[in-house]
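Student: Make a model of this:
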Amino acid sequence: MTTYKELFGKYVQNVSSDPTSTDAEGQIWYNSTSGTFKTAYSIGAWASGGNVNTGRYRVGTGGTQTATILFTGKVNQSPVAYSSATESYNGTSWTTLPASIGTARYSLGSAGTQTAALGFGGYAPTGTPKVSPLTESWNGSTWTAGGNLNTGRFALAGCGTQTAALGFGGYTPSLSAATEAYNGSTWTSVNSLNTARSYISGCGTQTAALAFGGSNPSLTGASESWNGTSWTNTPSLNTARKYIAGFGIQTAALGAGGNSGPGFATTTEFYNGTSWTAVASLATGRRALGAGSGNNAAGLVSSGMISATNPAATTATELWTQSVSVPVAGSWSSGGNLGTATGLAGQVGTQNSALSVLGTPYNSPTISGTTQLYNGTSWTTSPAKTNTKRQYIGLLGLQTAAIAFGGENGAPLYALNASESWNGSSWTSTSNFPTTVAASQGVGTQTAGLAMGGTYLVNGTVSWNGTSWSSTPATLNTAGPNGRCEASVAGIQTAALIAGGSDGTSPPYNAATESYNGTAWTTVNSLNTARTAIGGAGTQTAALAFGGAPAAPAASVTGATESWNGTSWTNMNSMTTAREGNSGVMGTQASALQAGGRTPRSTTTVTTEAWTGPSTTLNYKTLTTS
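Tutor: Modelled structure (predicted):
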């Protein structure tokens, strides 16, 4: 009898815990802890990508998941609008390129790569003829006219490369089964599809293609395989659809979205060369979306129409990844409670080594000078108190080396300019802040810090050199008449980030984000949720913003968490306890901390939550005899 070792080159191992290396894919092991045989296998999933700049549908595409081109399309149904724009995608964001395609149209065939694409056929609403035979090629910077199709048509499919493409199906304006092959300059008619249809999808190469779905004129799930000479019927899609996005190769293809009747589908099906199987669905049901680019393990879809009653196109992009490694969403978990409930405090450090200073209950006449230390499990109250008791304090540094500045003492002075240094066991007064300030934010270290915004500082920026404070010429772009208070911050003295906040009075709060390069502030993409009193963690290019108070309803708080990748904010899982955050940088994007805060604004809490960022794990399966 042939053994598993002889077939796969490895013995069935006996292990107490499941392996974590991707080498485990396809292997079988015995988990002695659970008493089961297990394996790891690849699985596909969709994730959000960067939005296109011009939402449209019935577009042309080419390329891979991290290097895509998108062109032409219909922008709106009513009033009717069309696009000739060209955009490129780098795996994170879309850029509108200066060169537009020569003839604006939609429902064209496409093929090729980001720097060598091909668009052919389509419907040109202002052209002659409207059912177009035109071919245009893209060299990475400009579009050039190529040889015309023998049969002008729209709603056709395409695949292959710029110099070895295949176009099939479509409207002429009657249903077409025509297939043509392109050699870089001319099209040649070859054997037709077995089933004439329009709004068809396809993928593969000029000599090994797959055609599926469409309308003939009713919805069809028919699938056909091309061997370079003729088409052969293959098993149909499980869900008949038209306007599907398709990508991959002939024996490993994906079809996503489309029309499955009156509704717009989220359905995704995978073809393994023998049959179609339903896999993970799109987040957004849509039709006439970007035809897809990539392979069966890493693809992309973009744009499309999301509703028959809302004719405007979506800008959404979704990324398909198939891997034995599957994503695990970031999440918050409970930590040790503070010894003293606090809000409006300053907090800095890491998830396992944090410092919480001062604070007060909402509108309380009693302001705490308490210093609390966290070791990753529990908080300890230090016998050392700050020399000046205050709330709305600014704080920067680490658990054992921090600077506290400004704040508010309630009465009679309100905003303060006092500054103090913490060495891990005691507080020492240092040179005063240049102005009285409250609800300012700080980043950096005890020897190289940066303070920004706050009531009375308005939109100013102040630097700390370890001995003294000095105002900088850099000013924030977004600040109200009373400054910019209680924002989320991240980074260091020469590379900082600030997001959200208020002008220190009342709503509306803002979502503005600004990035600092050591000299000047630049406005970048905003938070998804405008709010104030937000916690912060991380760096200028990998930050986390959490909690806060939105503008409405009045006195409400949120646990909303957003992650910054240097370009845009993405919503993450919220904190279990919604709260207003505290000032300062608490950890990293992957490992942050939030302690205390106001829940709602009239109540303070002792609860602590620890953030664990997104990660991956293997896709395990327990083997059974059934």
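Student: Which residue, other than its chain neighbours, is closest to residue 47?
Tutor: Once flanking residues are discounted, residue 47 sits nearest to residue 319: 5.1 Å by CB to CB, 6 or more residues apart in numbering. Yep, even glycine has a C-beta here, placed from its N, CA and C like the rest.
Student: helix, strand or coil for the one you found?
Tutor: Using DSSP: H, G, I helix; E, B strand; the rest coil, the three-state assignment for residue 319 comes out as strand.
Student: On the pLDDT front, check residue 436 for me.
Tutor: Residue 436 carries a pLDDT value of 91.
Student: Quick check: it vs residue 530, distance?
Tutor: According to CB to CB, to the nearest Å, residue 436 stands 27 Å off from residue 530.
Student: returning to that earlier point: tally of neighbours for the residue nearest to residue 47?
Tutor: By other CB atoms under 10 Å, the residues close to residue 319 number 20.
Student: List the residues that contact it.
Tutor: 46, 47, 48, 49, 65, 298, 299, 300 (CB atoms under 8 Å, 6 or more residues apart in numbering).
Student: Could you chop this structure up by domain?
Tutor: Here the domain parsing of the chain from automatic domain parsing is 4-42, 44-323, 331-613.
Student: For burial, what's the neighbour tally of residue 481?
Tutor: Neighbour number of residue 481 under other CB under 10 Å is 8.
Student: rewinding a little: using a markdown table, lay out the domains of the chain together with distance to residue 625.
Tutor: Listed next are those as a markdown table, based on distance: least, CB to CB, whole Å:
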| stretch | distance to residue 625 |
| --- | --- |
| domain 4-42 | 10 |
| domain 44-323 | 22 |
| domain 331-613 | 35 |
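Student: List just the one of the ones you listed that sits closest to residue 622.
Tutor: Minimum separation from residue 622 across the domains of the chain (CB to CB) falls at domain 4-42, 4.9 Å.
Student: tell me which residues of that closest one are tucked away?
Tutor: In terms of neighbour count (16 or more other CB atoms under 10 Å), domain 4-42 has its buried residues at 18, 19, 24, 25, 27, 28, 29, 31, 38, 39, 40, 42.
Student: for stretch 196-210, the distance to its chain's centre please.
Tutor: Put simply, stretch 196-210 sits 31 Å off its chain's centre (CA atoms, centre = their mean, to the nearest Å).
Student: Can I get that stretch in PDB, CA atoms only?
Tutor: This file holds the C-alpha atoms of stretch 196-210, laid out as PDB (Å, rounded to 0.1, in the frame of the first residue of the first chain):
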ATOM      1  CA  ALA A 196     -24.100  33.900 -29.100                       C
ATOM      2  CA  ARG A 197     -24.400  36.400 -26.200                       C
ATOM      3  CA  SER A 198     -23.600  39.900 -25.000                       C
ATOM      4  CA  TYR A 199     -22.500  41.300 -21.600                       C
ATOM      5  CA  ILE A 200     -20.200  38.300 -21.500                       C
ATOM      6  CA  SER A 201     -17.100  37.800 -19.300                       C
ATOM      7  CA  GLY A 202     -13.900  36.100 -20.000                       C
ATOM      8  CA  CYS A 203     -10.300  35.500 -19.000                       C
ATOM      9  CA  GLY A 204      -7.200  33.600 -20.000                       C
ATOM     10  CA  THR A 205      -4.900  33.900 -23.000                       C
ATOM     11  CA  GLN A 206      -5.300  34.000 -26.800                       C
ATOM     12  CA  THR A 207      -4.800  30.300 -27.000                       C
ATOM     13  CA  ALA A 208      -6.400  29.200 -23.700                       C
ATOM     14  CA  ALA A 209      -9.400  31.300 -22.900                       C
ATOM     15  CA  LEU A 210     -12.600  30.900 -20.900                       C
END
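Student: Partner strands of whichever helix or strand residue 233 is part of, with direction?
Tutor: Using DSSP states H and E, residue 233 sits in strand 231-234. Strand pairing for strand 231-234, using DSSP bridges, gives strand 223-226 (antiparallel).
Student: and the partner strand, C-alpha only, in PDB?
Tutor: Below are the C-alpha coordinates for strand 223-226, written out as PDB (Å, rounded to 0.1, in the frame of the first residue of the first chain):
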ATOM      1  CA  SER A 223     -19.300  28.500 -20.000                       C
ATOM      2  CA  GLU A 224     -17.000  27.700 -22.900                       C
ATOM      3  CA  SER A 225     -13.300  26.800 -23.200                       C
ATOM      4  CA  TRP A 226     -11.100  28.000 -26.100                       C
END
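Student: chain center to it, what's the gap?
Tutor: Distance, centroid of strand 223-226 to centroid of chain: 35 Å (CA atoms, centre = their mean).
Student: How about residues contacting it?
Tutor: Counting by CB under 8 Å, 6+ apart, the neighbours of strand 223-226 from elsewhere in the structure are 166, 168, 179, 193-195, 204, 207-213, 231-237, 250, 271, 276.
Student: hey, C-alpha coordinates of stretch 563-575 in CSV?
Tutor: Provided in CSV are the C-alpha atoms of stretch 563-575 (Å, rounded to 0.1, in the frame of the first residue of the first chain):
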residue,chain,number,x,y,z
SER,A,563,-6.3,52.7,11.1
TRP,A,564,-4.0,54.9,9.0
ASN,A,565,-1.7,53.5,6.3
GLY,A,566,0.0,56.7,5.4
THR,A,567,-2.6,57.5,2.7
SER,A,568,-6.1,56.8,4.1
TRP,A,569,-8.1,55.8,7.1
THR,A,570,-9.8,52.4,7.4
ASN,A,571,-12.6,51.5,9.9
MET,A,572,-11.6,48.7,12.3
ASN,A,573,-13.5,46.9,15.1
SER,A,574,-14.7,49.4,17.8
MET,A,575,-13.7,49.4,21.5
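Student: Relative to the whole chain's centre, how far out is that stretch?
Tutor: 7 Å.
Student: if we can go back for a sec, and the domains of the chain, which one is worst for confidence?
Tutor: Among these, domain 4-42 scores lowest, with a mean of 82.
Student: so where do the helices sit in the stretch 1-150 of the chain?
Tutor: Remark: helices assigned in the stretch 1-150 of the chain by DSSP state H, counting those that start in this stretch are 4-8.
Student: Please, where are all the strands along it?
Tutor: Here the stretch 1-150 of the chain has its strands, by DSSP state E, counting those that start in this stretch, at 13-15, 28-31, 36-40, 43-49, 60-64, 67-71, 74-77, 80-82, 86-89, 94-96, 109-112, 117-120, 135-138, 143-145.
Student: which one of those lies closest to residue 161?
Tutor: Using CB to CB, the nearest of these to residue 161 is strand 109-112, at 5.5 Å.
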